[in-house]
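K.L.:
Mind looking at a prediction? Sequence and model below.
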Protein chains: 2
Amino acid sequence: VFLKNEILNPTGSFKDRQVSVGISKAREMGARTVAVVSSGNVAAAAAAYAAHAGMECYVFVARHAPETKLVQVKVCGAKAYRVDTAHASEIFSLVIAACKKFGWYHLSTAGMYNPFNVEGAKTIAYELYEQFADGLPEFVIVPVGGGGLLGAVWRGFTDLAELGLITRLPKLVGVQAAGCAPFVRAIQNGESPSETFGNSWTNPETIAGGIADDVVFDAHTAIPAVRNTGGTAVAVDDAQILAAERLLALTEGVFCEPSSATTIAALEPLREMNVLTDTSTVCCLITGGGFKDVESAQSLVEETRLIPAELSAIAHPISS
Amino acid sequence: VFLKNEILNPTGSFKDRQVSVGISKAREMGARTVAVVSSGNVAAAAAAYAAHAGMECYVFVARHAPETKLVQVKVCGAKAYRVDTAHASEIFSLVIAACKKFGWYHLSTAGMYNPFNVEGAKTIAYELYEQFADGLPEFVIVPVGGGGLLGAVWRGFTDLAELGLITRLPKLVGVQAAGCAPFVRAIQNGESPSETFGNSWTNPETIAGGIADDVVFDAHTAIPAVRNTGGTAVAVDDAQILAAERLLALTEGVFCEPSSATTIAALEPLREMNVLTDTSTVCCLITGGGFKDVESAQSLVEETRLIPAELSAIAHPISS
């Protein structure tokens, strides 16, 4: 199992790849104001790159987005609004209308709304090709919300195949939270991309806020990403996600957010499904840092004890 | 003004440089348990690297360390204690005693307690040499708590000079928070390193928790770092620090913690002191991420407004 660690991007998630391309295009087209729908990571990236580019930035997040993510956004000068809904699709409708009314540039990373962003995300596939110089892993496991990342990774590998640089694409596996799994349902039911897009999830409910999209906005690329590579899709519940977040921190020292931990949580179910075996080579995308969502991580640990500055206060230590 | 951005290290601060070397030496020596004194960043690094190395980790932080930093530490499996004091020197005494009693390896980054760590921090100077291929800047501005970073950067440049790779060292400027400035006092009063070490700050009080050390533990390298390079030291108050944190985020999209923002806050005072002029070239070290201390950043921004999913709710937008 390999990790593709996206935590160390400038604002702490893979979204910097998309937004850095998107904002450059926005500037090229003369935009002065950008707007995004976000669970938090796109917002952080958009706010930071807009600040650097001297542009105004409006950010619209769902009701329950972690405040931690919004502090970063607001310190960078973006105007942030919580929209009173748990349905990303409703926020998209609002922002599309606002972009029309006010002349804002729509920088959301769903490929169907901003194709330039996709070009940024494809670099994950290009980098994996460089980093696995001895041959790509059999499987690449990708968290799926709107499906844009999964679709972009697939398109990146497709570019490499068209250039003759690779002869075989890794099998792409999409992971969702059980509480919001329209993509997993679509793969299981054999839905077409347009059926998937139209078949929204009624009641999104998961701690993995980064992938709690009720609609698979990028179904047109995410569905073939799985079907055309012989991959699959799997759902993991919140308890599995938190256990995986903890496991990754305890064993590797990598502190990721719940949406990212889904790719680790998927390993065991995929073994039980006989998708993975003992000899499989797997790369899990770790898409964002744990500091993005400290609130949910707090449930994994006890409160820090306050002790006096005395040796006797250090109880039951493990000596080496 | 250039930034040396240390936020993108594995755990979000420059301390990864020290601790990655320190933990390797600890392992080489057969240690199974490490312990650190920390304001939070060393703790995060130690917890992550200890997890990766399969070692136990004990972390001792001051009373007011941000809980955000401790979540990361505890998720990685380290045992964290808040010690009921604002004086880093008291925590050091406690941890030194505990290391003796329990056979722990002392991984704190103060060079006087762990010389190996210093070798890691020197790489900042080596990288600056590589990155400024056309010539190093005239000034490098470094946040100072215990002085270990300033001393290590100086020793790194000294290595380069001894190797004949550079003929002139940058002038090194140490910045402290006005509420805990024993190093600035020492430079102003012409104290020797041993005088500085003995002359602790009575009442540390600043939002820049990362540099609120009451004792300049590494005075023996930090004092000559300034004196031998023709540099200086300057103190900035909490209002200046927060304003600088905000300025950096608004103009560059870089979200740093208060201890890091001191190097930006120092620019204006250094101009007023005629240390810097319009033609000076300066590199500010940005030592840690703003997500490390979201609590203090929250004071810079308003609470996020909750709006219904209706276009009329977006009031007074700036159209482009």
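P.N.:
Structure's in. What do you need? Here the structure is a predicted model, which is why all the values come from computation and not from measurement.
K.L.:
what's the nearest residue to the residue of the stretch 151-300 of chain A found nearest chain B if we skip its chain neighbours?
P.N.:
Evaluated by Cβ to the nearest Cβ, the stretch 151-300 of chain A has residue A:253 as its residue closest to chain B, separated by 3.2 Å. The C-beta positions use only the backbone N, C-alpha and C, and glycine is treated the same way. Residue nearest to residue A:253 in three dimensions, not counting chain neighbours: residue B:48, with 3.2 Å by Cβ to Cβ, 6 or more residues apart in numbering or on different chains.
K.L.:
Number of residues surrounding the one you found?
P.N.:
A total of 29 residues lie near residue B:48 under the criterion other Cβ atoms under 10 Å in any protein chain shown.
K.L.:
Within the helices and strands, which one has it?
P.N.:
When secondary structure is defined using DSSP states H and E, the element that contains residue B:48 is helix B:41-53.
K.L.:
Can you dump the C-alpha atoms of that helix in CSV for me?
P.N.:
What follows is the C-alpha trace of helix B:41-53 in CSV, where atoms were taken according to Å, rounded to 0.1, in the frame of the first residue of the first chain:
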residue,chain,number,x,y,z
ASN,B,41,5.3,22.2,16.8
VAL,B,42,8.0,20.0,18.2
ALA,B,43,5.2,17.9,19.7
ALA,B,44,3.5,17.5,16.4
ALA,B,45,6.7,16.5,14.7
ALA,B,46,7.9,14.2,17.5
ALA,B,47,4.5,12.4,17.6
ALA,B,48,4.4,11.8,13.9
TYR,B,49,8.0,10.6,13.5
ALA,B,50,7.7,8.5,16.6
ALA,B,51,4.6,6.9,15.2
HIS,B,52,6.4,6.2,11.9
ALA,B,53,9.4,4.8,13.8
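K.L.:
Can you name the element that comes right after it?
P.N.:
Beyond helix B:41-53 toward the C-terminal end (DSSP H and E), the next one is strand B:56-62.
K.L.:
What mean pLDDT does that next one get?
P.N.:
Averaged across strand B:56-62, pLDDT comes to 94.
K.L.:
Which other helices and strands does the following helix or strand past it contact?
P.N.:
Scanning forward in sequence from strand B:56-62 by DSSP H and E, the next helix or strand is helix B:67-75. Counting contacts by 3 or more Cβ pairs under 8 Å, 6 or more residues apart in numbering or on different chains; DSSP states H and E, helix B:67-75 packs against helix A:238-252, helix A:294-298, helix B:41-53, strand B:56-62, strand B:79-83, helix B:294-298.
K.L.:
run the last query once more with 6 Å
P.N.:
Using 3 or more Cβ pairs under 6 Å, 6 or more residues apart in numbering or on different chains; DSSP states H and E as the contact criterion, the neighbours of helix B:67-75 among helices and strands are helix A:294-298, helix B:41-53, strand B:79-83.
K.L.:
Can you add mean pLDDT and give these back as JSON lines?
P.N.:
What follows is those, written out as JSON lines (pLDDT from 0 to 100):
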{"stretch": "helix A:294-298", "mean pLDDT": "86"}
{"stretch": "helix B:41-53", "mean pLDDT": "96"}
{"stretch": "strand B:79-83", "mean pLDDT": "94"}
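K.L.:
now for these, which one comes closest to residue B:63?
P.N.:
Closest approach to residue B:63 among the helices and strands packed on helix B:67-75 (Cβ to Cβ): strand B:79-83, 5.8 Å.
K.L.:
tell me the angle of the closest one relative to strand B:56-62?
P.N.:
Calculated by axes from the mean of the first three to the mean of the last three Cα atoms, to 10 degrees, strand B:79-83 forms an angle of 20 degrees with strand B:56-62.
K.L.:
Could you list the paired strands of strand B:79-83 along with their orientation?
P.N.:
strand A:305-307 (parallel), strand B:56-62 (parallel) (DSSP bridges).
K.L.:
winner for burial among those?
P.N.:
Highest mean neighbour count among the strands paired with strand B:79-83 (mean count of other Cβ atoms under 10 Å in any protein chain shown): strand B:56-62, with a mean of 25.
K.L.:
what's that one in contact with?
P.N.:
Counting by Cβ atoms under 6 Å, 6 or more residues apart in numbering or on different chains, the neighbours of strand B:56-62 from elsewhere in the structure are A:318, B:33-38, B:43, B:46-47, B:50, B:73, B:78-83, B:86, B:91, B:95.
K.L.:
Please pick the buried ones from these.
P.N.:
The neighbour-count criterion (16 or more other Cβ atoms under 10 Å in any protein chain shown) marks B:33-38, B:43, B:46-47, B:50, B:73, B:78-83, B:86, B:91, B:95 among the contacts of strand B:56-62 as buried.
K.L.:
Average pLDDT for stretch A:113-120, rounded please.
P.N.:
Averaging pLDDT along stretch A:113-120 yields 90.
K.L.:
residues near the residue lying closest to residue A:220 once chain neighbours are set aside, how many?
P.N.:
Once flanking residues are discounted, residue A:220 sits nearest to residue A:193: 4.4 Å by Cβ to Cβ, 6+ apart. One way to gauge burial is a neighbour count; for residue A:193, by other Cβ under 10 Å, it gives 19.
K.L.:
Model confidence for residue A:193, exactly?
P.N.:
Residue A:193 carries a pLDDT value of 97.
K.L.:
hang on, the earlier thing: okay if I get the strands paired with strand B:79-83 as a markdown table plus distance to residue B:152?
P.N.:
A markdown table is the format used below for the strands paired with strand B:79-83 (distance: least, Cβ to Cβ, whole Å):
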| stretch | distance to residue B:152 |
| --- | --- |
| strand A:305-307 | 30 |
| strand B:56-62 | 22 |
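K.L.:
Okay, buried residues for stretch A:250-261 please.
P.N.:
Per 16+ other Cβ under 10 Å, stretch A:250-261 contains these buried residues: A:250, A:252, A:253, A:254, A:255, A:256, A:257, A:258, A:259, A:260, A:261.
K.L.:
What of stretch A:95-107?
P.N.:
Judged by neighbour count using 16+ other Cβ under 10 Å, the buried positions of stretch A:95-107 are A:95, A:96, A:98, A:99, A:102, A:104, A:105, A:106, A:107.
K.L.:
Equivalent analysis for stretch A:113-132, please.
P.N.:
Applying a neighbour-count criterion of 16+ other Cβ under 10 Å, one finds A:113-114, A:116-125, A:128-129, A:132 buried in stretch A:113-132.
K.L.:
nearest spatial neighbour of residue A:147, skipping sequence neighbours?
P.N.:
By the measure of Cβ to Cβ, 6+ apart, the closest residue to residue A:147 outside its immediate chain neighbours is residue A:222, 3.0 Å from it.
K.L.:
need the residues of the stretch 101-250 of chain A near chain B, please.
P.N.:
Residues of the stretch 101-250 of chain A that fall close to chain B, judged by Cβ under 6 Å from any Cβ of the partner chain: A:102, A:103, A:249, A:250.
K.L.:
go again using 10 Å as the cut-off
P.N.:
For the stretch 101-250 of chain A, the residues found near chain B under the criterion Cβ under 10 Å from any Cβ of the partner chain are A:101, A:102, A:103, A:104, A:105, A:245, A:246, A:248, A:249, A:250.
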